[in-house]
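Enquirer: Turn this into a model:
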Amino acid sequence: MAKNIMIQGTMSNVGKSLIAAGLCRIFAQDGFRVAPFKSQNMALNSFITKDGGEMGRAQVVQAEAAGIRPDVRMNPILLKPTTDVGSQVIVNGKVCGNMNAMEYYRRKKEFIPAVLEAYESLDREFDIIVIEGAGSPAEINLKQEDIVNMGLAQLVDAPVLLVGDIDRGGVFAQLYGTVALLEECERERVKGTIVNKFRGDIKILEPGIKMLENLCNVPVAGVIPYAHIDIDDEDSLSERFIRKSARKLIDIAVIRLPRISNFTDFAPFERYDNVSLRYVENTAELYDPDMIIIPGTKSTIYDLKWLRQSGLESAVKKAADNGAVIFGICGGFQMLGKNISDPMKVESAETSEISGLGLIDMETVFEEEKVQKQTEGTFSGVSGLFSELNGMKYEGYEIHMGKSTVQESLLGKGSVYGSYIHGIFDAAGISDTILKALCGKKGVDFDDINSFDLREYKKRQYDELAHIVRKGLDMELVYRILNREV
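Expert: Down below sits the predicted model:
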């Protein structure tokens, strides 16, 4: 039987996922077999496991930090928003169906057996399970049907560390208010609080920490500094989207679609010193990039309409005519074709057929069966600027409803390319090869942008995260909580 500890937060985006990942890395460094777990996750940034199951990206990151292979048992329920009030519901890696918010709320307890089965299976295999909550445990209108915060903590008998975000301000009110709104039996599970994203001199914070401990009647388990750790983000709260990047030697523009998914596909390009990766929402922000990427989306037809209405479709086609590289991934790849049809209303209840950008001679038809698989292979038949990719190995995963007439993993026509594969840029040498081609086209020296090894880079980032979390937390207290000594 595994020991467990649960990280809950005062609200979304307080840093629960990264702290959980840091603990996974720390426990693994200390010689334990550790697994992450989140019973219910809502995110468009998902991942396909080796056996074809779909799970949230945050638990993939935590599994990588723990040094183990991602497994859908670590995230038995994944909600992928399809509209403002509805989501596709994925249970143990497979699509269960689409539900509006009220239907899912009403049926939530039906999924408890699947959650417990997944947890208990991990419980038999690992020494420690690091559990992540969602949002806040003090959502008093939702607590009755809770299966991800205190409801789950009770089901698996987990002690809780409660995280607040001081960078937003009001951290003492966040933490005390959350504890005050909990029921007595829930408050007993909170064994410590964590002040996250702190900047400045901790001595100035110390009087507030003492008052908070007296008010909450639990110790502050640590103060973790604001850290710039380059690890995959989970959802659209990502700082990537609000960060304004200056155009650099090589400039890459990613179209920020309203329902963008799997935006971590482009992370390899962010790590070069003289490459800018910018997310653009309108024609005024596009300028004249060296490459335009149209990313994946949870709703291809809806986002294609938005692309057309925003004027970005015309801008992308004009850029292609002027020789800019256009690269579509998954839903963005589908948009590059001549036509998209949805005869069975799989994706859209209103539109059964829509014309694409017409940059690739391809048609896509949506079918009821969802493609979910990991894939690997060798590039072949790539023409044009990126022909040097031929013979290189790639790996990644596919998540899509539509099937296209083009069967190759990558299609290049002139300066227009597309792929169904998420993670297509991750394998060793691929981003280097693409950037070398862009540099050659522009007449600049590739040595000026500095290459790197993605896998080694990730390892260093996880180790740096573990160092920061270990230094900020009272790890002696954390181990005492694990061992039920507190």
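Enquirer: show me the contacts for the residue nearest to Gly356 when sequence neighbours are not counted.
Expert: In space, and not counting its chain neighbours, Gly356 is closest to Gly337: 4.4 Å by Cβ to Cβ, 6 or more residues apart in numbering. (Glycine included, C-beta is placed from N, CA and C.) Contacts for Gly337 (Cβ atoms under 8 Å, 6 or more residues apart in numbering) come out as 356-364, 404, 406.
Enquirer: repeat that with 10 Å
Expert: Contacts for Gly337 (Cβ atoms under 10 Å, 6 or more residues apart in numbering) come out as 328, 355-364, 402, 404-406, 411, 418.
Enquirer: Select only the buried ones of these in ChimeraX?
Expert: To isolate the buried members of the contacts of Gly337 in ChimeraX, using 16 or more other Cβ atoms under 10 Å:
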select :328,356,357,359,360,362,363,364,402,404,406,411,418
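Enquirer: taking the contacts of Gly337 one by one, which sit in strands?
Expert: 328, 355, 363-364, 402, 404, 411, 418 (DSSP state E).
Enquirer: Which of those residues scores worst on pLDDT?
Expert: Checking pLDDT across the ones in strands among the contacts of Gly337, the minimum falls on Leu411 at 52.
Enquirer: Quick check: of the ones in strands among the contacts of Gly337, which lies closest to Phe111?
Expert: Phe111 lies nearest to Gly402 out of those, by Cβ to Cβ, at 27.7 Å.
Enquirer: wouldn't Met231 be in contact with Lys459 here?
Expert: If you look again at residue 231, you'll see it is Ile, not Met. No. Ile231 is beyond contact range of Lys459, at 11.2 Å (criterion: Cβ atoms under 10 Å).
Enquirer: Neighbour count for these two, which is higher?
Expert: Legend: neighbour count by other Cβ atoms under 10 Å for Ile231 and Lys459, higher for Ile231 (20 against 15).
Enquirer: In terms of helix, strand or coil, where does the more buried one fall?
Expert: Assigned by DSSP: H, G, I helix; E, B strand; the rest coil, the conformation of Ile231 is coil.
Enquirer: same deal with Ser276?
Expert: Under the three-state scheme (three-state DSSP), Ser276 adopts strand.
Enquirer: same thing with Met99?
Expert: With three-state DSSP as the basis, Met99 sits in strand.
Enquirer: Can you name the residues that contact the closest residue in space to it that isn't next to it in sequence?
Expert: Closest residue in space to Met99, ignoring its immediate chain neighbours: Val89 at 5.4 Å, by Cβ to Cβ, 6+ apart. Val89 sits next to 40, 77-80, 95-99, 103-104, 107, 111 when contact means Cβ under 10 Å, 6+ apart.
Enquirer: still on that earlier bit, shared neighbours, Ile231 and Lys459?
Expert: Here Ile231 and Lys459 have 64-65 as joint contacts, going by Cβ under 10 Å, 6+ apart.
Enquirer: picking up where we left off before, neighbour-wise, which of the contacts of Val89 leads?
Expert: Ranked by neighbours (other Cβ under 10 Å), the contacts of Val89 are led by Leu78, which has 29 neighbours.
Enquirer: Tell me who's in contact with that residue.
Expert: 38, 40-44, 46-47, 53-57, 59, 72, 87-93, 95-96.
Enquirer: From those, which land in helices?
Expert: 57, 59 (DSSP state H).
Enquirer: picking that back up, against Gly97, how distant is the residue nearest to Met99?
Expert: The gap separating Val89 from Gly97 is 6 Å, by Cβ to Cβ, to the nearest Å.
Enquirer: same deal with Ala427?
Expert: Distance, Ala427 to Gly97, by Cβ to Cβ: 34 Å.
Enquirer: Tyr397 too?
Expert: Tyr397 is 22 Å from Gly97, by Cβ to Cβ.
Enquirer: Could you do His422 as well?
Expert: Counting by Cβ to Cβ - His422 and Gly97 are separated by 23 Å.
Enquirer: now Gln29
Expert: Counting by Cβ to Cβ, the gap from Gln29 to Gly97 is 41 Å.
Enquirer: immediately after the helix or strand encompassing Gly192, which helix or strand?
Expert: According to DSSP states H and E, Gly192 maps onto strand 190-198. Next in sequence after strand 190-198, counting helices and strands by DSSP H and E, comes helix 202-216.
Enquirer: Can I get that next one as CSV, trimmed to CA atoms?
Expert: Backbone C-alpha positions of helix 202-216 (Å, rounded to 0.1, in the frame of the first residue of the first chain) are rendered in CSV as follows:
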residue,chain,number,x,y,z
ILE,A,202,11.2,36.4,3.6
LYS,A,203,11.9,38.2,6.9
ILE,A,204,9.2,40.7,5.9
LEU,A,205,6.8,37.8,5.4
GLU,A,206,7.5,36.1,8.7
PRO,A,207,5.0,38.0,11.0
GLY,A,208,2.2,37.2,8.5
ILE,A,209,3.3,33.5,8.5
LYS,A,210,3.0,33.4,12.3
MET,A,211,-0.4,35.0,12.3
LEU,A,212,-1.6,32.6,9.5
GLU,A,213,-0.4,29.6,11.5
ASN,A,214,-2.4,30.8,14.5
LEU,A,215,-5.5,31.5,12.5
CYS,A,216,-5.5,28.2,10.6
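Enquirer: Just want the angle from that helix to strand 190-198.
Expert: Here the directions of helix 202-216 and strand 190-198 differ by 150 degrees (axes from the mean of the first three to the mean of the last three Cα atoms, to 10 degrees).
Enquirer: Give the other helices and strands that the lengthiest helix in the chain contacts.
Expert: With secondary structure taken from DSSP H, the chain has its longest helix at helix 454-472. Using 3 or more Cβ pairs under 10 Å, 6 or more residues apart in numbering; DSSP states H and E as the contact definition, the elements that helix 454-472 packs against are helix 16-29, helix 57-66, strand 190-198, strand 220-225, helix 267-270, helix 475-482.
Enquirer: hmm, try it at 7 Å
Expert: In terms of contacts (3 or more Cβ pairs under 7 Å, 6 or more residues apart in numbering; DSSP states H and E), helix 454-472 is packed against helix 16-29, helix 57-66, strand 220-225.
Enquirer: List the contacts of that helix.
Expert: 18-19, 21-23, 25-26, 29, 64-65, 222-225, 227, 229-231, 268, 271, 426 (Cβ atoms under 7 Å, 6 or more residues apart in numbering).
Enquirer: Quick check: the residue nearest to Met99 vs Gln40, distance?
Expert: From Val89 across to Gln40, the span is 10 Å (Cβ to Cβ).
Enquirer: Distance of Arg480 relative to Ile209?
Expert: From Arg480 to Ile209 the distance is 19 Å (Cβ to Cβ).
Enquirer: Ignore what I typed, I meant Tyr397.
Expert: The separation that Tyr397 has from Ile209, given Cβ to Cβ, amounts to 44 Å.
Enquirer: ok, Arg256 - how many residues close by?
Expert: The burial count for Arg256: 18, using other Cβ under 10 Å.
Enquirer: For it, what are phi and psi?
Expert: phi -80, psi 90 (degrees, to the nearest 10).
Enquirer: which helices and strands sit right next to the strand holding Gly192?
Expert: strand 160-165, helix 171-181, helix 202-216, strand 220-225, helix 475-482.
Enquirer: so which of these is the most packed in?
Expert: Each of these was scored by mean neighbour count; the highest is strand 160-165, a mean of 27, by mean count of other Cβ atoms under 10 Å.
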